[in-house]
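*Asks:* Build me a model:
(one chain, ligands or ions: 2)
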Amino acid sequence: MSRNTLIKIASLILMVVSFIAYIAGASAFPIASENLLPWSVWFLIAVIVNIVLWTSVMRLLTFSLAVIWFYAFVAGLVPESSTAVNLTELDWSDPDAVAEQGALVFNGKGQCSACHTVDTTAPPGRCPDLTDIGVNAATRVPGMDAKAYLIESMYQPANFLVPGYGKIMPEVWKAPIALSKLEIEAVIAYLQSQGGEIDPTPFEEPIDRADIGTTAAALPPLLTGDPELGKKVFVDAACISCHAVTGIESPAAGETTNEDFEVVTAPDLSEIAAFNDMRYLEESILVPGAQIVSGYGAVTVRAKGTTFQGTLVSQDEEKIVVRTKTADGVEEEHTILLSEIDDEPIEELTDLEAKGYLTLTLTPADANAPVTGQLVSETDEVVTLKVGDEARTLSKTDVKSLMTVVTFDGDEIVGEHVSGTTDDDEIVLVVDGSEEIFDTFDLEEATLTRASGKRLHVTSPMPENFPILLSVADLTNLLSFLSTLTGATAEAVPEETGDTPAE
Ligand code: HEC
Ligand code: HEC
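*Replies:* Ligands and ions are numbered 1, 2, ... in the order given. Prediction:
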């Protein structure tokens, strides 16, 4: 064989091999795309050599392969749309590659990046920033490791809410996001890669995917209201006094279209329907306090002997920031450590979470010293506290409590409560180590303190009387109007330049 023939055959083999390698790699798209450049270069070299050396038939073959390659290459350059990510398997031998697949889900189909940032310099929003979530995940719920916490965050986000944030995150395994188990596994690997270690241990989904059907059927029927009439309600009911919407003129500062309330800073609603369902919007109007947008809640807190009343700007595990306004309108921000909040006595150990308790101090009946911890969860019977690094579950009934009794003579006596209330004939207390019996006819007052705790009670500054003011027709029209606020409205109004819709 001549040298020329050898070169011809070698370049033919190179062309075919690099072509197959390229196509095989590209079909695994979007995962392997960046490793394909060397194959493209080899392929192009082989194509040129082949065209120069070979004659008609082989040239035609070369040309055909080059055309196919070109199409594959161009397709690879087009950024994949969110639906194009369709994971069929995860290669756990390379956890970092799994995390990369997770990043695609995060920024694409999962719509996570519509709400979450992974950037500490981003302005705080309605959803937590996920920088270092790989490590933080292990600290959120006592006794729950990082992976278990992230699994719960994906399947049952409402089980634990990050302090300061509302129940906004959708169950991403359900429609419309509808992530598959593989996609959730990948996204969890991606989250763990943010400052933490990727844990490849397989897990069982804590849900039943058959539920998707039943919940979809339970969604409210299509809205029948008229958005144009709803827009009028939005202005007439004075929503516009507090909430800006691109394309609707807001009243001048300090003015309101309704005299019944004070105008406060409220979230811009121009894109409210982009990430929230109708249930949430309806609830926002009918029960404003149910979920309070972080950064807008009104708070009253006693700390260091002073009462701070204002807006809860931010909250984390150590401190809160409260913005107050002095009588002459000057705004001040106060950073208050949670440890500086004054303890309040608690008479009834019910609905502690709803009442805003962050910490609790109580003495179990069989203990001598009180236990103090962060309130994690509660049922009718027990409370779970995070004490140091461990979780302790304590009974709400087997609690030593103090009673303060005031006699008609004005004497005030405090003792450990043994039995009796003002409804009984007598009250028994242990005072200074010895039992004392009080006849309830001699007592003016008796207050039982079952525990004490630090409390941060946040309420919505949004008026609560809309359910009374708005007729059902108004509300239906209003909701239809709100459902059009997806950010696309901003595009439809070209003369507005201030607000650009998010992606
Ligand atoms: C509509 C907005 C929204 C979307 C979409 C969303 N989240 Fe969330 N997410 C939230 C909010 C609000 C919270 C805080 C309240 C809570 O704990 O549920 C949160 C909490 C979390 C937490 C706990 C954070 C912490 O600091 O402990 C994780 C992890 C998380 N989301 C991941 C995701 C991932 C991954 C996706 C996409 C698959 C996603 N989220 C989609 C709004 C959203
Ligand atoms: C006095 C001012 C005020 C008025 C009037 C008012 N709101 Fe609000 N609204 C707020 C504040 C403050 C918040 C944020 C706190 C919260 O979540 O409750 C809010 C929250 C909301 C939210 C949730 C926003 C989000 O980003 O999740 C919606 C939706 C909403 N309002 C709709 C309305 C509608 C519709 C009206 C008229 C019927 C209205 N509001 C009237 C102050 C107001």
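*Asks:* With adjacent residues omitted, what lies nearest to the residue of the stretch 401-503 of the chain found nearest ligand 2?
*Replies:* Residue of the stretch 401-503 of the chain nearest ligand 2, by Cβ to the nearest ligand atom: residue 460 (3.1 Å). Backbone N, C-alpha and C define where each C-beta goes, glycine included. In space, residue 460 comes closest to residue 288 once its chain neighbours are excluded; the distance is 3.8 Å by Cβ to Cβ, 6 or more residues apart in numbering.
*Asks:* so residue 378 touches residue 353, yeah?
*Replies:* Yes - A contact is recorded between residue 378 and residue 353 when judged using Cβ atoms under 8 Å, the distance being 6.0 Å.
*Asks:* what about these two, which has more around it?
*Replies:* Set side by side, residue 378 and residue 353 give different neighbour counts by other Cβ atoms under 10 Å, the larger being at residue 378 (21 against 12).
*Asks:* Just the pLDDT for the closest residue to residue 366 other than its chain neighbours.
*Replies:* Taking Cβ to Cβ, 6+ apart as the measure, residue 366 lies nearest to residue 398, with 7.2 Å between them; neighbours along the chain are not counted. Looking at residue 398, its pLDDT is 88.
*Asks:* From what I see, residue 398 and residue 364 are in contact.
*Replies:* Yes - with contacts counted by Cβ under 8 Å, residue 398 reaches residue 364, the gap being 6.1 Å.
*Asks:* Neighbour count for these two, which is higher?
*Replies:* In this view residue 398 and residue 364 are compared by other Cβ under 10 Å, and residue 364 has more residues nearby, 15 against 12.
*Asks:* residues touching the nearest residue to that one once chain neighbours are set aside, list them.
*Replies:* The shortest distance from residue 364 to any non-neighbouring residue, by Cβ to Cβ, 6+ apart, is to residue 394 (5.6 Å). By Cβ atoms under 8 Å, 6 or more residues apart in numbering, the contact set of residue 394 is 362, 364, 371, 382, 383, 384, 385.
*Asks:* what's the helix or strand for residue 394?
*Replies:* Secondary structure assignment for residue 394, by DSSP states H and E: strand 390-395.
*Asks:* Quickly run through the sheet partners of that strand, with directions.
*Replies:* Using DSSP bridges, the neighbouring strands of strand 390-395 in the sheet come out as strand 382-387 (antiparallel).
*Asks:* Name the surrounding residues that touch the strand it pairs with.
*Replies:* Counting contacts by Cβ under 8 Å, 6+ apart, the residues outside strand 382-387 that touch it are 142, 349, 352, 359-360, 362, 371-378, 391-396.
*Asks:* Give me the subset of these that also touch ligand 2.
*Replies:* Applying Cβ under 6 Å from any ligand atom, the subset of the contacts of strand 382-387 adjacent to ligand 2 is empty.
*Asks:* For residue 273, what is the enclosing helix or strand?
*Replies:* helix 272-275.
*Asks:* Can you tell me which helices and strands that helix packs against?
*Replies:* Counting contacts by 3 or more Cβ pairs under 8 Å, 6 or more residues apart in numbering; DSSP states H and E, helix 272-275 packs against helix 112-115, helix 472-483.
*Asks:* In the last one, which residues have enough neighbours to count as buried?
*Replies:* What that stands for is helix 472-483. 474, 475, 476, 477, 478, 479, 480, 481, 482, 483 (16 or more other Cβ atoms under 10 Å).
*Asks:* This structure against ligand 2: which residues are in contact?
*Replies:* Contact residues of the chain with respect to ligand 2, defined by Cβ under 6 Å from any ligand atom, are listed as 237-239, 241-243, 261, 263-264, 266-267, 269, 272, 281, 284-285, 288, 292-293, 296, 460-463, 466, 478.
*Asks:* from those residues, which would you call buried?
*Replies:* Neighbour counting with 16+ other Cβ under 10 Å marks 237-239, 241-243, 263, 266-267, 269, 272, 281, 284-285, 288, 292-293, 296, 460-463, 466, 478 as buried within the residues of the chain next to ligand 2.
*Asks:* Show me these that map onto helices.
*Replies:* Taking DSSP state H, the ones among these that sit in helices are 239, 241, 242, 272, 281, 284, 285, 466, 478.
*Asks:* Give the next helix or strand downstream of the longest helix belonging to the chain.
*Replies:* The helix of greatest length in the chain, counted in residues with DSSP H as the criterion, is given as helix 3-27. Elements were assigned by DSSP H and E; along the chain past helix 3-27, the next helix or strand is helix 37-53.
*Asks:* distance between that next one and the chain's centre?
*Replies:* Distance, stretch centre to chain centre, for helix 37-53: 51 Å (Cα atoms, centre = their mean, to the nearest Å).
*Asks:* What's the first helix or strand after that helix?
*Replies:* Downstream of helix 37-53, the first helix or strand assigned by DSSP H and E is helix 56-77.
*Asks:* May I have that following helix exported as PDB, CA atoms only?
*Replies:* Extracted C-alpha coordinates of helix 56-77, given in PDB (Å, rounded to 0.1, in the frame of the first residue of the first chain):
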ATOM      1  CA  SER A  56     -16.100  11.700  -5.900                       C
ATOM      2  CA  VAL A  57     -18.000   9.000  -3.900                       C
ATOM      3  CA  MET A  58     -15.900   9.500  -0.700                       C
ATOM      4  CA  ARG A  59     -16.100  13.200  -1.100                       C
ATOM      5  CA  LEU A  60     -19.900  13.000  -1.200                       C
ATOM      6  CA  LEU A  61     -19.800  10.800   2.000                       C
ATOM      7  CA  THR A  62     -17.500  13.300   3.700                       C
ATOM      8  CA  PHE A  63     -19.700  16.200   2.700                       C
ATOM      9  CA  SER A  64     -22.900  14.400   4.000                       C
ATOM     10  CA  LEU A  65     -21.300  13.700   7.400                       C
ATOM     11  CA  ALA A  66     -20.100  17.300   7.600                       C
ATOM     12  CA  VAL A  67     -23.600  18.500   7.000                       C
ATOM     13  CA  ILE A  68     -25.000  16.200   9.700                       C
ATOM     14  CA  TRP A  69     -22.300  17.300  12.100                       C
ATOM     15  CA  PHE A  70     -23.000  20.900  11.300                       C
ATOM     16  CA  TYR A  71     -26.700  20.500  12.300                       C
ATOM     17  CA  ALA A  72     -25.700  18.700  15.500                       C
ATOM     18  CA  PHE A  73     -23.200  21.500  16.300                       C
ATOM     19  CA  VAL A  74     -25.700  24.300  15.700                       C
ATOM     20  CA  ALA A  75     -28.300  22.500  17.800                       C
ATOM     21  CA  GLY A  76     -25.800  22.200  20.600                       C
ATOM     22  CA  LEU A  77     -25.100  26.000  20.600                       C
END
